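> model the following, please.
(one chain, ligands or ions: 1)
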Amino acid sequence: MPNALSRGLFNLFFGAKRKPFASLPGPQPGILGTAGDFLGASPWDVCARYGREYGGVTLIWMGPNPGLVLNDPALIAEVYESPRRMEFEKGNISEQIRPSTTDDTAFTAELRGDWVQKRALEPSAQPWAPEALADLVGPMQAAISEFVDALLKQERIDFAPALRRLTFDAFSVAQVGEKLPDQVFEDFMLLARAADARIQAKLPLKFVKPPKDFEAVKARFYGHFVDRIREARKRQDPGAVDLMSRYLRETPGIDDQVLAHMLGGTYFGGAFSSSVTLVGAFHQLNKYPGADARLAAEAASLVADGPLTFQKVESAKWAEAVAYEALRILPAVRVMTRTPPKDAQLAGVTLPAGSMIMISNQHLHRDPAHWPDPDTFKPERWLDGGTTRDPLGSGHFFPFGRGPRACVGADFAMVFLKTALTTIASRVKVQLDSTEPFEEGFFFGVVLPKGVTGKLVARTAQASLKAKVG
Ligand code: HEM
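Sure, this is the predicted structure:
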């Protein structure tokens with residue numbers, strides 16, 4: 001808490017500003033407002049603490065500007081789902097990310113601008129989306145399995161970067177039908193790091209310089225997809241199941257540049273969040289060997305008679321429960337922001353235009369009033385009606401956000417997660433060096449697990465070792 005002098009100065013200069021917000025609880029502001037709480041702490045931990053201490057709505061002060069932290073499902077629904085959602089845009093985050101992405105994605109579009117048109121272009125909005133998704137399971141399984149082969153040769157693995165690259169490869173096979181060269185991955189990472197520097201900047205954005213060759217790298221990254229689209233147009237492979245080929249078959253008039261921007265943009269939306277979810281899942285599976293053994297058994301039965309199919313993945317109820325539980329207990333995206341471009345009423349006060357609204361799932365995903373044994377990884381809570389009690393996007397479970405602007409890649413992400421969990425568990429045991437909670441950083445708006453290291457042990461080798469020992 002700021003000291004008495006700092007609190008006194010805030011009241012002296014901004015006391016009048018506080019009056020209209022007197023009905024709302026929150027920490028005492030000092031001369032910098034309450035922003036000091038966020039220094040040196042994870043923003044999601046601060047939001048969760050506010051939820052525990054102040055309830056569903058907390059008044060914060062970013063310097064002299066008021067803001068809200070929401071931990072109340074009804075208020076969150078008002079901002080995300082009700083017709084009033086049109087009054088709230090994503091705010092700063094769009095400006096921070098935009099230079100690295102393009103304007104041809106729903107990610108940074110304005111709700112009251114061309115968001116509807118951008119969203120309608122996304123693969124998940126196409127009538128062929130379910131069929132396309134089903135066809136991607138086999139190719140993704142093959143790419144993941146190939147990556148497992150490479151990881152098996154490594155004595156020590158740092159799982160966050162390793163699973164990020166595995167995810168990138170599986171996404172590439174889904175997007176364009178094959179893995180992409182290292183150069184494309186490196187270009188993607190440079191663009192992501194540039195966006196991250198803007199997200200984490202302590203200075204105004206105009207002072208944040210892009211890395212050397214930023215524009216050239218960006219042109220090369222998206223240009224790579226344009227080249228592939230042009231080649232695919234010439235080839236016209238009627239049997240190709242990747243999303244690029246499907247767009248070209250179903251919507252041949254689509255502009256090459258727009259399609260390239262969408263394909264390239266997918267990695268920003270999904271590669272970090274999906275791979276971080278896998279890291280969290282394997283961390284918890286190491287801590288709870290019973291859950292791990294059950295995943296391995298389900299996976300073994302699913303691959304026993306041949307490669308994975310969409311039907312098999314859909315029947316993988318334990319893999320689904322593991323994915324849901326990882327998304328509940330260690331959600332990759334824990335803080336989302338909204339900003340009213342004009343003054344807006346919320347929680348009984350008038351929020352001035354430009355105010356920051358922070359929405360976090362951290363507290364609600366572990367709310368003891370809602371979840372029995374909330375801090376324990378228990379995939380079984382999702383069986384026998386669990387997914388109906390707390391469906392994705394409901395009050396206490398929204399790892400993909402809520403309402404019409406929730407994650408556009410959620411269905412794809414769920415199929416990828418189940419395919420990856422099943423493929424990996426069928427082949428290897430992920431053996432971590434420690435099951436102590438890992439340190440959590442922040443990268444590109446997504447949690448970044450640090451120091452999750454270990455190795456892979458082939459299931460067959462392990463079984464034969466056990467037999468030998470026995
Ligand atoms: C486990 C994996 C994932 C998680 C946890 C996740 C989480 C989220 C969340 C919480 C939002 C809403 C943000 C907000 O309300 O401000 C979001 C939006 C979005 N996600 Fe995901 N996501 C995942 C995977 C993906 C994938 C695979 C893709 C692409 C195929 C993707 C593309 C997007 C896009 C484009 C948006 C913006 C949608 C819009 O503004 O209309 N995400 N995601």
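> how far out from the middle of the chain is stretch 203-215?
24 Å (Cα atoms, centre = their mean, to the nearest Å).
> and it, what's buried?
208, 210 (16 or more other Cβ atoms under 10 Å). C-betas here are computed from N, CA, C, even on glycine.
> what's that stretch in contact with?
95-96, 99, 190-191, 193-194, 197-198, 201, 217 (Cβ atoms under 8 Å, 6 or more residues apart in numbering).
> ok but Ser124 is inside a helix, no?
Yes: counting by DSSP: H, G, I helix; E, B strand; the rest coil, Ser124 falls inside a helix.
> which residues touch it?
When contacts are counted by Cβ under 8 Å, 6+ apart, Ser124 touches 408-412.
> hmm, try it at 6 Å
408, 411 (Cβ atoms under 6 Å, 6 or more residues apart in numbering).
> now the strands for this protein?
57-62, 65-70, 157-158, 335-338, 344-346, 349-351, 356-360, 428-432, 439-443, 446-450, 453-458 (DSSP state E).
> okay if I get these as a markdown table plus mean pLDDT and mean neighbour count?
Output for the strands of the chain, formatted as a markdown table (pLDDT from 0 to 100; neighbours: other Cβ atoms under 10 Å):
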| stretch | mean pLDDT | mean neighbour count |
| --- | --- | --- |
| strand 57-62 | 97 | 22 |
| strand 65-70 | 97 | 24 |
| strand 157-158 | 98 | 18 |
| strand 335-338 | 96 | 22 |
| strand 344-346 | 97 | 17 |
| strand 349-351 | 97 | 18 |
| strand 356-360 | 97 | 23 |
| strand 428-432 | 98 | 20 |
| strand 439-443 | 94 | 15 |
| strand 446-450 | 97 | 20 |
| strand 453-458 | 98 | 16 |
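> reformat the ones you listed as JSON lines; add distance to the ligand.
Output for the strands of the chain, formatted as JSON lines (distance: least, Cβ to the nearest ligand atom, whole Å):
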{"stretch": "strand 57-62", "distance to the ligand": "18"}
{"stretch": "strand 65-70", "distance to the ligand": "12"}
{"stretch": "strand 157-158", "distance to the ligand": "20"}
{"stretch": "strand 335-338", "distance to the ligand": "4"}
{"stretch": "strand 344-346", "distance to the ligand": "16"}
{"stretch": "strand 349-351", "distance to the ligand": "17"}
{"stretch": "strand 356-360", "distance to the ligand": "8"}
{"stretch": "strand 428-432", "distance to the ligand": "18"}
{"stretch": "strand 439-443", "distance to the ligand": "14"}
{"stretch": "strand 446-450", "distance to the ligand": "8"}
{"stretch": "strand 453-458", "distance to the ligand": "21"}
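> would you format these as a markdown table with distance to Gly113 included?
Formatted as a markdown table, the strands of the chain follow (distance: least, Cβ to Cβ, whole Å):
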| stretch | distance to Gly113 |
| --- | --- |
| strand 57-62 | 25 |
| strand 65-70 | 23 |
| strand 157-158 | 40 |
| strand 335-338 | 15 |
| strand 344-346 | 17 |
| strand 349-351 | 21 |
| strand 356-360 | 19 |
| strand 428-432 | 43 |
| strand 439-443 | 28 |
| strand 446-450 | 25 |
| strand 453-458 | 44 |
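> retrieve the pLDDT associated with the most centrally placed residue in the chain.
The C-alpha lying nearest the average C-alpha coordinate of the chain belongs to Ser273 (Cα atoms, centre = their mean; 3.2 Å). Looking at Ser273, its pLDDT reads 98.
> who in the chain is up against the ligand?
Taking Cβ under 6 Å from any ligand atom as the contact definition, the chain meets the ligand at 90, 105-107, 119, 266, 269-270, 273-274, 277, 332-333, 336, 399-401, 405-409, 412-413.
> out of those residues, which sit inside helices?
With DSSP state H as the criterion, helices contain 119, 266, 269-270, 273-274, 277, 412-413 from among the residues of the chain next to the ligand.
> count of neighbours near the closest residue to Trp318 other than its chain neighbours?
Leaving out its chain neighbours, the residue that sits closest to Trp318 by Cβ to Cβ, 6 or more residues apart in numbering is Glu298, at 4.6 Å. When neighbours are defined as other Cβ atoms under 10 Å, Glu298 has 21 of them.
> so Ala410 sits against Phe400, correct?
Yes: assessed by Cβ atoms under 6 Å, Ala410 is found in contact with Phe400 at 4.2 Å.
> more neighbours: which of these two?
Phe400 (21 against 17).
> and that one, what does it touch?
Per Cβ under 6 Å, 6+ apart, neighbours of Phe400: 406-407, 410.
> distance of Ala304 relative to Ile254?
Remark: distance between Ala304 and Ile254 (Cβ to Cβ, to the nearest Å) = 41 Å.
> counting neighbours, go ahead and name the busier of these two.
Ile254 (14 against 8).
> spatially nearest residue to the more buried one (excluding sequence neighbours)?
Excluding its sequence neighbours, the residue lying closest to Ile254 (Cβ to Cβ, 6+ apart) is Tyr247, at 5.6 Å.
> tell me which residues in stretch 32-39 are buried?
The neighbour-count check on stretch 32-39 (16+ other Cβ under 10 Å) flags 32-34, 36-37 as buried.
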